[in-house]
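K.L.:
Quick one: sequence and predicted model below, then my questions.
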Amino acid sequence: MQIGQNPTLIDGKLPVFVFPTALNFISDDQSSHKQVLTVYNPYEFALRFKVLCTAPRKYNVVESEGTIKPHCCVDIVVRHKDIAINNEGVKDKIRIQVTEHGQKAVIGKKDIVSVLLPTRDKSQSTEELFESLPPTSAMAAATQEVQQSLVARHGGRVTSGPSLVIVGTAVFCIIALMLPTHGDSQSALPQYLFLSLHQKLIAAYILGLVTMAILRS
């Protein structure tokens, strides 16, 4: 089945979890001409997914549409069918867009960069295409504090232990991880204390950095 045509830009609201975050097809490696995208559904409701592409004539998928049950995942096989020198280095985008099962409105999307490379040696460079989204201002300041502390220690400077900002950030992240997630109907806490899954992932990342700084103190 051929992938759908170039989609209209849509502001997705629901985080879509897809692995890997990039597809690297290698001209001289036939085993890389077919790859798998895994789409996860961590939510309490079923999702309908659809695969679109900016260059649909260059790719084939086994199933371009389907359903993902709650807390399940599906594998989407993507095959590059136009292995040619003039396509090497060209970056295409494959979009996974999702709707709630039984609804038509698109509620989330994820774009995967796909590139055809001449040899496997150069495939590592495509990972630089993806960068982490900046956290909120408070978390950004805490992250910078942790990174500066680690750099100071590698540079041989002696510090008196973790600063109050680092300790406070650790406590803040632990509290954030303990708060209920959006969609949790069993919690009696007010709605403004509910966090999204994306916010909790950021808190877990910051807590990891803070823990490293504290352990090295």
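P.N.:
Received, thanks.

K.L.:
gap between Val77 and Leu197?
P.N.:
Going from Val77 to Leu197 by Cβ to Cβ, to the nearest Å gives 27 Å. (Each C-beta comes from the backbone N, C-alpha and C, glycine too.)

K.L.:
correction: Val16
P.N.:
Taken as Cβ to Cβ, the span from Val16 to Leu197 is 11 Å.

K.L.:
Among these two, which residue is more densely surrounded?
P.N.:
Val16 (19 against 14; other Cβ atoms under 10 Å).

K.L.:
Give me the nearest residue to the more buried one, chain neighbours excluded.
P.N.:
Excluding the flanking residues, the one nearest Val16 by Cβ to Cβ, 6 or more residues apart in numbering is Lys110, at 3.9 Å.

K.L.:
CA atoms only: put the one helix or strand that neighbour maps to into PDB for me.
P.N.:
If you go by DSSP states H and E, Lys110 is part of strand 106-117. In PDB, the C-alpha atoms belonging to strand 106-117 read as follows (Å, rounded to 0.1, in the frame of the first residue of the first chain):
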ATOM      1  CA  VAL A 106      -6.400  14.800  14.500                       C
ATOM      2  CA  ILE A 107      -5.200  15.100  18.100                       C
ATOM      3  CA  GLY A 108      -1.500  14.400  17.600                       C
ATOM      4  CA  LYS A 109       1.400  14.000  15.200                       C
ATOM      5  CA  LYS A 110       5.000  13.000  15.000                       C
ATOM      6  CA  ASP A 111       7.400  13.700  12.100                       C
ATOM      7  CA  ILE A 112      10.300  11.200  11.500                       C
ATOM      8  CA  VAL A 113      13.200  12.400   9.300                       C
ATOM      9  CA  SER A 114      14.200   9.800   6.700                       C
ATOM     10  CA  VAL A 115      17.400  10.000   4.700                       C
ATOM     11  CA  LEU A 116      19.200   7.800   2.200                       C
ATOM     12  CA  LEU A 117      23.000   7.700   2.700                       C
END
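
K.L.:
That strand packs against which elements?
P.N.:
Here strand 106-117 touches strand 17-19, strand 22-26, strand 72-80, strand 91-100, going by 3 or more Cβ pairs under 8 Å, 6 or more residues apart in numbering; DSSP states H and E.

K.L.:
Give me the contacts around the first one.
P.N.:
Under the criterion Cβ atoms under 8 Å, 6 or more residues apart in numbering, residues Leu37, Thr38, Val39, Tyr40, Asn41, Pro42, Ile96, Lys110, Ile112 lie in contact with strand 17-19.

K.L.:
Perfect, that will be all.
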